[in-house]
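Novice: need a structure here:
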Amino acid sequence: MKHYNIPVFISHFGCPNACVFCNQKKINGRETDVSLDDLKNIIDSYLKTLPKNSIKQVAFFGGTFTGISMNLQKEYLEVVKKYIDNNDVEGVRISTRPECIDDEILTQLKKYGVKTIELGIQSLDDKVLKATGRNYTYDIVKKSCDLIKSYGFELGVQLMIGLPKSDFKSDLQSAIKSLDLNPDIARIYPTLVIKGTELEFMYKKNLYQSLTVEEAVERTVPIYSLLELKNINVIRVGLQPVEDLTADGVIISGPFHPAFRDLVENKIYFNFLSKFYDKEKKLNIEVNERNVSKIVGQKAINKKTFYPNFKILINNNLSLDELMVNSKKYTRKEILEGEFNEKISDFI
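Specialist: Predicted structure coming up:
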């Protein structure tokens, strides 16, 4: 059965931190910008269009849900609980910060049907966290994740690449350390310079250099490969191209691409195929038709690169985790292991 999120984007104006990449404004006298009536209208609107025979969750994104007052959290959750009791939605998922987790908060979340808690851990390198203004350490992250898992929630982690003071090695090591947190799901975001942020000031003063799209893809490939190999469901790669983000002048710099995940997938297969091309000077490929776009690449870049020695044949007897190259079968696991092992070898 297909899963759908009903997204509710809340801003947390009372957030005590000023992360360099964040542009949430502080508004006196207001905790957030979504009223209870707004919440009801959002849910009702989505329920009119989403398939009846599907799994639906109300997803509080965009802010630090557990950073707002316990009272307001409860009011939001009480609104959603009525939809859960009527079997209109299956549960709730929230996004929050590692230092905004404790037993009292988790007890209330459990009571009102929260199923998934995603933590914006961003990095597990303490120097990067400090430079970014996150104001917590790896030890705090580990304690929060352990507590969340002990209550039986599904745990999600959000990783950012290209933050201030980070490099390829620290980003990869953060992903490796994240395995100790035992997450069920993950998101990977490249850092963007957004208008009105401290990072914009740093960028314009040459105190921060953003990644190119190509550099961001290169950093993401081994992280993405590692997480999938460890059976962590990578539910998003790259920021969603929402209207607020794509409006003129919002993104000052950085590796934004509306199909960033596709670029990462294309690069994985490009690297894999390159090894055969270098040795055998030909690529005779068989693949399930649903995987053709990954192999060919966005705008057929892989096909064009290896032309005229690139031939592809649809073979639906192959699973989505298999392909044939020059008459030999390979699994996706073998491909991802090769990508990760090749990159990690640079740091051993």
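
Novice: which residue is nearest the middle of the chain?
Specialist: Against the mean C-alpha coordinate of the chain, by C-alpha atoms, centre = their mean, the closest residue is Arg187 at 1.8 Å.

Novice: Isn't that one up against Met160?
Specialist: No. Counting by C-beta atoms under 8 Å, Arg187 sits too far from Met160 to count as a contact (9.3 Å). Placement of C-beta: from N, CA and C, glycine included.

Novice: mind listing the strands for this structure?
Specialist: Listed in chain order, the strands found in the chain under DSSP state E are 3-9, 55-61, 91-96, 114-122, 154-161, 185-190, 193-194, 233-237, 251-253, 283-287, 310-314, 322-325, 328-331.

Novice: Mind putting these into CSV with mean pLDDT and distance to Phe340?
Specialist: Output for these, formatted as CSV (pLDDT from 0 to 100; distance: least, C-beta to C-beta, whole Å):
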stretch, mean pLDDT, distance to Phe340
strand 3-9, 92, 28
strand 55-61, 94, 29
strand 91-96, 95, 27
strand 114-122, 95, 20
strand 154-161, 97, 15
strand 185-190, 97, 14
strand 193-194, 91, 29
strand 233-237, 96, 13
strand 251-253, 92, 29
strand 283-287, 96, 22
strand 310-314, 95, 25
strand 322-325, 96, 18
strand 328-331, 96, 14
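
Novice: any chance of those in a markdown table, plus distance to Val213?
Specialist: Listed next are the strands of the chain as a markdown table, based on distance: least, C-beta to C-beta, whole Å:
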| stretch | distance to Val213 |
| --- | --- |
| strand 3-9 | 25 |
| strand 55-61 | 24 |
| strand 91-96 | 25 |
| strand 114-122 | 20 |
| strand 154-161 | 12 |
| strand 185-190 | 8 |
| strand 193-194 | 14 |
| strand 233-237 | 13 |
| strand 251-253 | 11 |
| strand 283-287 | 25 |
| strand 310-314 | 23 |
| strand 322-325 | 26 |
| strand 328-331 | 27 |
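
Novice: So the residue nearest to the centre of the chain versus Tyr208, what's the distance?
Specialist: From Arg187 over to Tyr208 the distance is 22 Å, taken as C-beta to C-beta, to the nearest Å.

Novice: Distance of Asn41 relative to Ile6?
Specialist: 11 Å.

Novice: Compare these two (neighbour count), which wins?
Specialist: Per other C-beta atoms under 10 Å, whichever of Asn41 and Ile6 has more neighbours is Ile6, with 23 against 12.

Novice: who touches the more buried one in this structure?
Specialist: 42-43, 46-47, 50, 56-59, 89 (C-beta atoms under 8 Å, 6 or more residues apart in numbering).

Novice: Tell me the most packed of those, by neighbour count.
Specialist: Val58 leads the contacts of Ile6 on contacts (other C-beta under 10 Å) with 27 neighbours.

Novice: Would you confirm that that one contacts Asp44?
Specialist: No. The pair formed by Val58 and Asp44 falls short of the contact definition of C-beta under 8 Å, at 11.5 Å.

Novice: Taking the contacts of Ile6, tell me the two that lie furthest apart.
Specialist: The span of the contacts of Ile6, defined through C-beta to C-beta, is set by Leu47 and Ala59 at 13.9 Å.

Novice: hmm, back to that, and of the strands of the chain, who's closest to Val217?
Specialist: strand 185-190 (8.6 Å).

Novice: what is the orientation angle of the closest one with strand 233-237?
Specialist: 30 degrees (axes from the mean of the first three to the mean of the last three C-alpha atoms, to 10 degrees).

Novice: low-confidence ranges in the stretch 101-250 of the chain?
Specialist: 242-246 (pLDDT under 70).

Novice: Do a quick rundown of the helices in it.
Specialist: 103-111, 126-132, 138-150, 168-178, 198-204, 213-229, 243-246 (DSSP state H, counting those that start in this stretch).

Novice: Quick check: which of the ones you listed is buried the most?
Specialist: Mean neighbour counts were taken over the helices of the stretch 101-250 of the chain using mean count of other C-beta atoms under 10 Å, and the top value, a mean of 21, falls to helix 213-229.

Novice: Can I get it in PDB? Just the C-alpha atoms.
Specialist: Provided in PDB are the C-alpha atoms of helix 213-229 (Å, rounded to 0.1, in the frame of the first residue of the first chain):
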ATOM      1  CA  VAL A 213      26.600  20.400  -8.100                       C
ATOM      2  CA  GLU A 214      29.300  18.000  -9.300                       C
ATOM      3  CA  GLU A 215      31.300  18.200  -6.000                       C
ATOM      4  CA  ALA A 216      28.100  17.600  -4.000                       C
ATOM      5  CA  VAL A 217      27.200  14.600  -6.100                       C
ATOM      6  CA  GLU A 218      30.700  13.200  -5.600                       C
ATOM      7  CA  ARG A 219      30.500  13.600  -1.800                       C
ATOM      8  CA  THR A 220      27.000  12.100  -1.700                       C
ATOM      9  CA  VAL A 221      27.600   8.900  -3.700                       C
ATOM     10  CA  PRO A 222      29.600   7.000  -1.000                       C
ATOM     11  CA  ILE A 223      27.300   8.200   1.800                       C
ATOM     12  CA  TYR A 224      24.200   7.200  -0.100                       C
ATOM     13  CA  SER A 225      25.800   3.800  -1.000                       C
ATOM     14  CA  LEU A 226      26.800   3.100   2.600                       C
ATOM     15  CA  LEU A 227      23.300   3.900   4.000                       C
ATOM     16  CA  GLU A 228      21.600   1.700   1.400                       C
ATOM     17  CA  LEU A 229      24.100  -1.100   2.000                       C
END
